[in-house]
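Asks: this one's sequence-less:
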């Protein structure tokens, strides 16, 4: 929301009250409070008939400063509220000099001048991060006398802004106006399913606005040297979060709002869906699964979309017996083939559903002000919303889902949750504007909590479309209703990278697009991108997404990339564990890995998987791709071609190839099983070693499918000798020195191979020494 008319003036008929000078201060425990007058007090009379703004500074965690700015603080707090740790635990120090108050949390500080004009500057380790623009910020009234609290935080030269949720607009948000307001708007507009009131700056800090309702951001789009954010009402509450790197900023942000749970290893396999409005029954499902097996395409999860239930009565959680006469027996047969089962749900109850009357009678549905049930006909005829603020309603919903889990369902696609009305009246009295964005959080928390309770921690996940801040705790999320075009494929990746720069770690999308049907060319290119995402699903609207419906070659392309992903699971799951523990995403925008390389600031058509693999999908029907390699030596993981970085490259690739580049000094652990994602990663593992330099030392842990590290190999190079020392584990292992063909080994059998020098160690071999020949 813009308040200014150009830079010099505010809009006509708006009123603004800016902090002019500190009038007083106090220290209470671990909180610094500064009172700011909105006009300079030349005499006592100037203290009358004007607002006094209250600024409170505190901290819940190191390197995070919590800022609360009040005009009138006496308003009723109806909720909802984000689940955040309490203040008072952030390595806090409070002091003052002759000219300023200083509040610090670990290495992060804010200094507030004691005299006019009002100035407050955030610094970390001597570096200025940003400052409050006092002459712009403050308390505003619009022409209807509606109140807003507004903050402008300065931007430096070249500073880039990221995040604000899964946004399909440009990755760098400078120049954009963004309202945090969940919408079911597809992937081709400024609307978003997952709005998060958090942005991160290339300067090494992030800002989280602690308001679950509508927050408006102007990222250098009103005042070009500032990010402005505003909320309706009398209170503005936000956290400024810093760190030594952008990854550490994300880690600190997720420590504040919640770290993601670790998805089960089986969920990283290929998901196949019935699609949405297609005709399907048990016979169709069996044909799809048989077809994948006949073509040797590994399949991990089968998903039943909406029409597993009878039309007009979503949701009633009952199988449509016309299509699935004996669902329990069907699920038993599917699970005997090693498949996991997912079914579609949403939080809405259609009037024709058997659950509607039960929910209405027990008070489990969101109401209107007159006490009647809120209903409309959009999506489902006469549908109502489950009121998840009512513990009994949440337990009722969970109970219906548990029946499906007992039948053999493993997980749920938790669709929708964006179209939440402003007229709703909730059991706990929550503010309906705040509930518009927060409703999905309670919905997914309810379902995820049930899965953890029944399946156990480490074996729970949802497949969710909508989210807000903190939703990363309940993985995973997919990108919504994209279309079958290269443009939509690119906007899908932009949205995913924007989401992972907003604290989310695990993300998927509909391979080849949800709307329309892709060409065989697009399907095959999107398959490579989809299988090099954290999670991979074939799903569409009006047509099936089995590969043989596109062309014969599609079968081989899908098989190749599914097998590749399965073999990469020791690497992918290692970095997934890191994501769950540290809050750094598995899929990473280039700027997270190379924040000091200016060429990476805006890159949104390539990304990192973990810290070593760079993927650049092909977005054109001629097979050409242009991508950027940072400084250093890079090797294509698929074909072994070596490139020097610090430049752009343009290449043409077949459908079985793309730039999948490994940076020098990396070790990629590759598993021995390319048919599934949940196997014993340690048994027969091969460590692919890329260009270790003299003096390098690198520890590579290997996890099991429960998220525990079972062994670790420490690689070191001194002169022309590479040593690998293994701790833990007693299973056979291999080392492949990629691109090296002349060497000798001690402690293991060795021989040259097409891709490099291969060393095969016995399970009891704990140390291998390799002497390199001429390189």
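Replies: Right, received. Where do you want to start? Bear in mind that the values here come from a model prediction, so they are computed numbers and not experimental data.
Asks: SS state for residue 574?
Replies: Put simply, residue 574 is helix when judged by DSSP: H, G, I helix; E, B strand; the rest coil.
Asks: got the confidence number for residue 282?
Replies: Residue 282 carries a pLDDT score of 95 in this model.
Asks: that one: neighbouring residues, count only.
Replies: 17 (other CB atoms under 10 Å). Placement of C-beta: from N, CA and C, glycine included.
Asks: is residue 635 bridged to anything, and to what?
Replies: residue 642, residue 662 (DSSP bridges).
Asks: now do the contacts for it.
Replies: 641, 642, 643, 661, 662, 664, 690, 691, 738, 739 (CB atoms under 8 Å, 6 or more residues apart in numbering).
Asks: hang on, isn't the fifth one packed against residue 690?
Replies: Yes. With the criterion set as CB atoms under 8 Å, residue 662 and residue 690 qualify as a contacting pair; they are 4.9 Å apart.
Asks: and those two? which has more neighbours close in?
Replies: For residue 662 versus residue 690, the count of surrounding residues by other CB under 10 Å is larger for residue 690: 24 against 21.
Asks: what sits in contact with each of residue 662 and residue 690?
Replies: Residues touching both residue 662 and residue 690 by CB under 8 Å, 6+ apart: 612, 635, 668, 738.
Asks: out of the residues you listed, which one sits closest to residue 270?
Replies: Nearest to residue 270 out of these is residue 668 (CB to CB; 21.0 Å).
Asks: does the closest one touch residue 687 like I think?
Replies: Yes. With contact defined as CB under 8 Å, residue 668 and residue 687 form a contacting pair (7.5 Å).
Asks: name the residues contacting each of those two.
Replies: With CB under 8 Å, 6+ apart, residue 668 and residue 687 have no common neighbours.
Asks: tell me the mean pLDDT for stretch 56-76?
Replies: What stretch 56-76 shows for mean pLDDT is 95.
Asks: report the buried residues of it.
Replies: Buried residues in stretch 56-76, counted by 16 or more other CB atoms under 10 Å: 56-71.
Asks: try stretch 329-347
Replies: Using 16+ other CB under 10 Å as the test for burial, stretch 329-347 gives 330-331, 333-334, 339-347.
Asks: got it, and stretch 514-529?
Replies: Buried residues in stretch 514-529 (16+ other CB under 10 Å): 514-529.
Asks: so who does residue 246 touch?
Replies: Residues near residue 246 by CB under 8 Å, 6+ apart: 200, 202, 204, 591, 592, 595.
Asks: and those as a markdown table, adding neighbour count?
Replies: Output for the contacts of residue 246, formatted as a markdown table (neighbours: other CB atoms under 10 Å):
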| residue | neighbour count |
| --- | --- |
| 200 | 27 |
| 202 | 21 |
| 204 | 20 |
| 591 | 25 |
| 592 | 24 |
| 595 | 18 |
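Asks: among the residues you listed, name the ones in strands.
Replies: residue 200 (DSSP state E).
Asks: residue 20: which of the contacts of residue 246 is nearest?
Replies: Once CB to CB is applied, the member of the contacts of residue 246 that ends up nearest residue 20 is residue 204, at 30.0 Å.
Asks: now do that closest one against residue 63, distance only.
Replies: Distance of residue 204 to residue 63, computed by CB to CB, to the nearest Å: 10 Å.
Asks: common neighbours of these two, please.
Replies: Contacts common to residue 204 and residue 63, judged by CB under 8 Å, 6+ apart, are 124, 242, 243.
Asks: which of these fall in strands?
Replies: Residues of these located in strands (DSSP E): 124, 242.
Asks: looking at the shared contacts of residue 204 and residue 63, which is nearest residue 769?
Replies: For these, the residue nearest residue 769 by CB to CB is residue 243; the value is 38.8 Å.
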